[in-house]
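K.L.:
Got a predicted structure here, sequence first:
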There are 2 protein chains.
Amino acid sequence: MNDCGRCAVRESAICHSLNESELDALNALGRHQTLKRGQTMVWQGDESLLVGNVIEGVLKLSVSGADGREQTLGIMFPSDFIGRPFGPKTDHSVVALTDAQVCTFRRSAFDEFARGHPELEHSLLQRTLTELDRTRQWMLLLGRKAATARVATFLLEMSSRYATNCNDGASTAPISFDLPLSRQDIADLLGLTIETVSRQITHLREDGIIETPNRRTIVVLDSGRLQARASEV
Amino acid sequence: MNDCGRCAVRESAICHSLNESELDALNALGRHQTLKRGQTMVWQGDESLLVGNVIEGVLKLSVSGADGREQTLGIMFPSDFIGRPFGPKTDHSVVALTDAQVCTFRRSAFDEFARGHPELEHSLLQRTLTELDRTRQWMLLLGRKAATARVATFLLEMSSRYATNCNDGASTAPISFDLPLSRQDIADLLGLTIETVSRQITHLREDGIIETPNRRTIVVLDSGRLQARASEV
DNA sequence: CGTTCAATTGATACGGATCAATGCAAGTGG
DNA sequence: CCACTTGCATTGATCCGTATCAATTGAACG
């Protein structure tokens, strides 16, 4: 008996492609893990031992260069898949940005199971292809966009994931959400410094595009103009 | 009867996971296509209609932002897989950097075939995971590295793919190769301008780390120091 | 020998990094 | 309840690296 039926991401994680009995078998291999904010789940350069699904919370993938400057490679949300199956090494760290819950498997066990379940591999392939698309789009941002556009793009991306006030895009009602990232996290993600991020947010506030009631909350007042900023150079 | 048996990438492309009869079936769906240097195979924003394998030559994936500034997302070599299976859109262009030969399939036909051949999907998954790893490493370069390090990293990457004089790393013999990319291509890949790339190459030459007998040829004289430059900030 | 186009070199401007100080909110202990 | 600490965010002043603008060189080709 497994409790995947009650799992928050049952329908959206890669497991959705498994039936009840297959789910039982996979579940037997995995275990739930709770992570506290700031806790590192996988270290850069580790042997790839763990893979899993995000159930709750937000995590980041990051690498750091020789001098300690860090670059965040992606933000992972519930139902996202984490880790590097079918390969010996993980070349980035996985760190919890909020308290989080993940459903983990030993990589070897997961690999073996996946090889026997093509539907699961197909789901994983789909997800990996999408992640590759997303990552490639981020390269345009890092390679070519100015600081304003980077911050605007980031806020739009977060608002689309988080909006409590879900509009159809055409609406002009303000959208508000809480960032799970600190200013440093945002800087690491956008390839900027903390000061530059702060200044850009200030500009957006001064221009009446957003409001910042507190450090973590963002209210998007004019998503049209925010989009315009996002596509500037 | 197919001629995949004589294909240059028979053992390294994703098709390696198919047996003779499966290969016949896949081959029946595909066709060879010859591309001239500079020719665009897929346009950014196109409906995703084509996928395929690179047989010969070098191609680039690229996106361009609103203002026309271009960012190259990756360089594809023989045996690499091109295109976006299992998805409706391609959000980047594919352009031949040299004369090239590719083996293409209509996406719908390929998708259907792949769904029936788990081994093929597994190969594709492996390849996609590796490409994602590579792309993520490139993000560190674009987000955090200075111009010198970017150019040095690029030259090292190319030398590892191209070296005619294959050493075991420890050797000090010069390694020489021809770049398939123009200075503009390199700039687009590294998120720099053509002038900055040129200056960095000049510096490396003045420092005795490389030689440039002509515009396209690079001779690496001191790969140790080149590596040091690559990991600087 | 002139034309053409890519690459190089030079001079200057500007955006973001860096260094430094201040502000602000949450916790801690007296 | 209020001083004090602590950690993050903001703001300011300055510097540096790369972009930008502009001119020159050099190789390929007719």
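P.N.:
Perfect, thanks for sending it.

K.L.:
Retrieve the pLDDT associated with A:Ala163.
P.N.:
At A:Ala163, the pLDDT value in this model is 66.

K.L.:
Now do the helix-or-strand element of chain A with minimal mean pLDDT: which elements does it pack against?
P.N.:
Every helix and strand of chain A was ranked by mean pLDDT, DSSP states H and E. The lowest is strand A:40-42, at a mean of 90. Here strand A:40-42 touches strand A:93-96, going by 3 or more C-beta pairs under 8 Å, 6 or more residues apart in numbering or on different chains; DSSP states H and E. Just so you know, the C-beta spots here come from the backbone N, C-alpha and C atoms, and that holds for glycine as well.

K.L.:
What's the first helix or strand after the strand it packs on?
P.N.:
As assigned by DSSP states H and E, the chain's next helix or strand after strand A:93-96 is strand A:100-106.

K.L.:
Any idea how far that following strand is from the middle of the chain?
P.N.:
Relative to its chain's centre, strand A:100-106 lies at 15 Å (C-alpha atoms, centre = their mean, to the nearest Å).

K.L.:
touching chain B at all, it?
P.N.:
No - figure legend: strand A:100-106 not in contact with chain B (C-beta under 8 Å from any C-beta of the partner chain); closest approach 15.9 Å.

K.L.:
what helices or strands is that strand leaning on?
P.N.:
helix A:20-29, strand A:30-35, strand A:50-56.

K.L.:
That one - which strands sit beside it in the sheet, and in what orientation?
P.N.:
Strand A:100-106 sits in its sheet next to strand A:30-35 (antiparallel), strand A:50-56 (antiparallel), going by DSSP bridges.

K.L.:
so which of these is the most packed in?
P.N.:
Most buried of these by mean neighbour count (mean count of other C-beta atoms under 10 Å in any protein chain shown) is strand A:50-56; its value is a mean of 22.

K.L.:
Other residues contacting that strand?
P.N.:
A:7-9, A:13-15, A:30, A:32-33, A:41-42, A:76-85, A:100-107, A:110 (C-beta atoms under 8 Å, 6 or more residues apart in numbering or on different chains).

K.L.:
what's the distance between stretch A:217-225 and the middle of its chain?
P.N.:
21 Å.

K.L.:
Next: stretch A:63-83.
P.N.:
For stretch A:63-83 - counting by C-alpha atoms, centre = their mean - the centre lies 9 Å from the chain centre.

K.L.:
mind putting the strands paired with strand A:100-106 in JSON lines, mean pLDDT included?
P.N.:
Formatted as JSON lines, the strands paired with strand A:100-106 follow (pLDDT from 0 to 100):
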{"stretch": "strand A:30-35", "mean pLDDT": "94"}
{"stretch": "strand A:50-56", "mean pLDDT": "96"}
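
K.L.:
Relative to DNA strand D, which of those is closest?
P.N.:
Taking C-beta to the nearest atom of the strand as the criterion, strand A:30-35 is the member of the strands paired with strand A:100-106 that comes nearest to DNA strand D, at 17.3 Å.

K.L.:
Name the residues that touch the closest one?
P.N.:
A:41, A:52, A:55, A:57, A:59, A:96, A:99-105.

K.L.:
how about the strands in chain A?
P.N.:
Along chain A, counting by DSSP state E, strands occupy A:30-35, A:40-42, A:50-56, A:59-64, A:70-76, A:81-82, A:93-96, A:100-106, A:175-178, A:210-211, A:217-220.

K.L.:
about what we covered before: tabulate the helices and strands packed on strand A:100-106 (CSV), appending distance to A:Thr90.
P.N.:
Formatted as CSV, the helices and strands packed on strand A:100-106 follow (distance: least, C-beta to C-beta, whole Å):
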stretch, distance to A:Thr90
helix A:20-29, 19
strand A:30-35, 16
strand A:50-56, 8
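
K.L.:
circling back to that earlier point, make CSV from the strands of chain A and add distance to DNA strand D to it.
P.N.:
CSV is the format used below for the strands of chain A (distance: least, C-beta to the nearest atom of the strand, whole Å):
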stretch, distance to DNA strand D
strand A:30-35, 17
strand A:40-42, 15
strand A:50-56, 22
strand A:59-64, 14
strand A:70-76, 14
strand A:81-82, 24
strand A:93-96, 13
strand A:100-106, 18
strand A:175-178, 12
strand A:210-211, 11
strand A:217-220, 10
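
K.L.:
As CSV, these with distance to A:Leu142 would be great.
P.N.:
Formatted as CSV, these follow (distance: least, C-beta to C-beta, whole Å):
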stretch, distance to A:Leu142
strand A:30-35, 27
strand A:40-42, 23
strand A:50-56, 24
strand A:59-64, 13
strand A:70-76, 8
strand A:81-82, 22
strand A:93-96, 19
strand A:100-106, 26
strand A:175-178, 23
strand A:210-211, 22
strand A:217-220, 21
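
K.L.:
Does the lengthiest helix in chain A reach DNA strand C?
P.N.:
Ranked by number of residues, the top helix in chain A under DSSP state H is helix A:118-144. No - shown here: helix A:118-144 not in contact with DNA strand C (C-beta under 7 Å from any atom of the strand), separated by at least 10.4 Å.

K.L.:
Quickly check: that helix near DNA strand D or not.
P.N.:
No - residues of helix A:118-144 are not located near DNA strand D by C-beta under 7 Å from any atom of the strand, the shortest gap being 8.9 Å.

K.L.:
what bridges to A:Arg31?
P.N.:
The partner residues for A:Arg31, given DSSP bridges, come to A:Thr104.

K.L.:
Just give me the neighbour total for A:Gln101.
P.N.:
A:Gln101 has 18 neighbours, counted by other C-beta atoms under 10 Å in any protein chain shown.

K.L.:
What residue spans form the domains of chain A?
P.N.:
A:4-142, A:146-231 (automatic domain parsing).

K.L.:
Show me how far the first one is from its chain's centre.
P.N.:
Relative to the chain's own centre, domain A:4-142 is displaced by 10 Å; criterion: C-alpha atoms, centre = their mean.
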